[in-house]
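Enquirer: sequence isn't available, so here's the structure alone:
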């Protein structure tokens, strides 16, 4: 099945034929897509990825035999790994998808506008210049907002969720703070407290108070104080000086 020549080469994978038919049709209808490959088997999907220059794999999570997560891990081992987008009826694997580096996580039934958002993210990732910024898709009132990492000033733990604070508001995402800490390692974010991670770009000063140390962060026209745990003080000081936070004191 093919769409507009010269567009993305996309592989659709779902063990249920009706769902596969619908997904392949929706992908082929999008002008960004040039060729749609399809299979009901994740093992066959790996062979197709090896034979074709696949830009993106749109895969169900739960499939017999090799499931979508394992397919994503095996694809990631390739020298030219395709972007992975999960298409599933199950919300519970979103954290796993984030950890394996999935570009997006779509819930069935997939809306055409939501599919377009995911394809734009694939196109961004496959451009000649590597993406310098990570983004997180935030669902709000039936619409999707892409929040770039560079817009986040600090992150607050909220159980199995995390709240991203930006200059324009805050967004609750179903990703634990520990996962974001690993994903954004090396991107000038530091875990300064059990419940907080901050961006160095937003920090104004490290200040000592009667209650302990805090980082003052510029937020709109206000200054927000984020607590720093006592055992993190030395790491924070090195980090603010532009040094390796885990280097020698």
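Expert: It's in. Quick caveat: nothing in here was measured; it's all calculated off a predicted structure.
Enquirer: contacts, neighbours, all on C-alpha from now
Expert: Fine.
Enquirer: tell me the domain ranges of the protein?
Expert: 8-129, 151-240 (automatic domain parsing).
Enquirer: tabulate those (CSV), appending mean neighbour count, mean pLDDT and distance to residue 135.
Expert: Rendered in CSV, the data for the domains of the chain read as follows (neighbours: other CA atoms under 10 Å; pLDDT from 0 to 100; distance: least, CA to CA, whole Å):
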stretch, mean neighbour count, mean pLDDT, distance to residue 135
domain 8-129, 18, 89, 9
domain 151-240, 17, 90, 9
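Enquirer: who wins for proximity to residue 139 among those domains?
Expert: domain 151-240 (8.3 Å; CA to CA).
Enquirer: for residue 218, which non-adjacent residue is spatially closest?
Expert: In this structure, residue 218 finds its nearest non-sequential neighbour in residue 202, 5.9 Å apart by CA to CA, 6 or more residues apart in numbering.
Enquirer: between the domains of the chain, which one is nearest to residue 246?
Expert: Closest to residue 246 of the domains of the chain is domain 151-240 (CA to CA; 6.3 Å).
Enquirer: mind giving me CSV with the domains of the chain and columns for distance to residue 138?
Expert: Below are the domains of the chain laid out as CSV (distance: least, CA to CA, whole Å):
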stretch, distance to residue 138
domain 8-129, 11
domain 151-240, 7
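Enquirer: residues in contact with stretch 174-186?
Expert: Stretch 174-186 is touched from outside by 94-95, 98-99, 155-162, 189-191, 195-197, with contacts defined as CA atoms under 8 Å, 6 or more residues apart in numbering.
Enquirer: show me the residues you listed that map onto helices.
Expert: Judged by DSSP state H, the contacts of stretch 174-186 include 94-95, 98-99 as members of helices.
Enquirer: so which residues make contact with the strand or helix carrying residue 235?
Expert: Element membership for residue 235 (DSSP states H and E) is helix 233-240. With contact meaning CA under 8 Å, 6+ apart, helix 233-240 is reached by 190, 192, 200, 213, 244-247, 249.
Enquirer: redo that, cut-off 6 Å
Expert: residue 245 (CA atoms under 6 Å, 6 or more residues apart in numbering).
Enquirer: how far does it sit from its chain's centre?
Expert: In terms of CA atoms, centre = their mean, to the nearest Å, the centre of helix 233-240 is set 27 Å apart from its chain centre.
Enquirer: count of residues packed around the closest residue to residue 134 other than its chain neighbours?
Expert: Nearest non-adjacent residue to residue 134, counting by CA to CA, 6+ apart: residue 149, 5.3 Å away. Applying other CA atoms under 10 Å, we find 18 residues neighbouring residue 149.
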